[in-house]
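>>> Could you look at this predicted model? Sequence included:
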Amino acid sequence: QVRLVESGGGLVQAGGSLKLSCAASGDTFRRYAMSWFRQVPGKEREFVAGLRWSDGSSEYANSRFTVSRDSAENMVYLQITNLEPEDTAVYYCAAEESGRVLYTSWPRYTYWGQGTQVTVSS
């Protein structure tokens, strides 16, 4: 069974950077898309960035987000630079066995982590 565990969230000042980690287990992930979403209370989960595990190709909501993977360790990372208070949210790692298709809509994903809180102070 696929399991995703996020870590790395916390309280940071605006303008700083943060790197979130997602430890994936339970499959080989060669045919998976792995994405990061974020959510604030009262709003839908929002696509942040994602990659295709097979070749590492990625897509981003904006250039402040960088997603990467370590295939040997089954880890996915999200680097966020120049943090803004509006980035405050719970960040989730998600996985879907979708091959080359990288969905940006959260209902398309089957597997989710528990989330990690990121709070950006002004």
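Good, I have the coordinates.

>>> Quick one: neighbours of Val101, just the number.
Number of residues near Val101 (other C-beta atoms under 10 Å) recorded here: 10. For every residue, glycine as well, the C-beta is placed using N, CA and C.

>>> Check what pLDDT it gets.
In this model, Val101 is scored at 94, pLDDT.

>>> wait, isn't Leu20 in contact with Tyr77?
Yes - the pair formed by Leu20 and Tyr77 meets the contact definition of C-beta atoms under 8 Å, at 6.7 Å.

>>> more crowded one of the two?
A direct count of neighbours by other C-beta under 10 Å for Leu20 and Tyr77 places Leu20 higher, at 23 against 18.

>>> show me the contacts for Gln117.
9-10, 89-91 (C-beta atoms under 8 Å, 6 or more residues apart in numbering).

>>> before we move on, what about Thr116?
Thr116 touches 6-9, 20, 90-91, counting by C-beta under 8 Å, 6+ apart.

>>> which residues does it bridge with?
Tyr91 (DSSP bridges).

>>> Next: the one 5 residues further on.
Here Ser121 shows beta-bridge partners Gln13, assigned using DSSP bridges.

>>> just use 10 as the starting number from now, easier for me
From this message on, residue numbering opens at 10, which makes the last subject Ser130.
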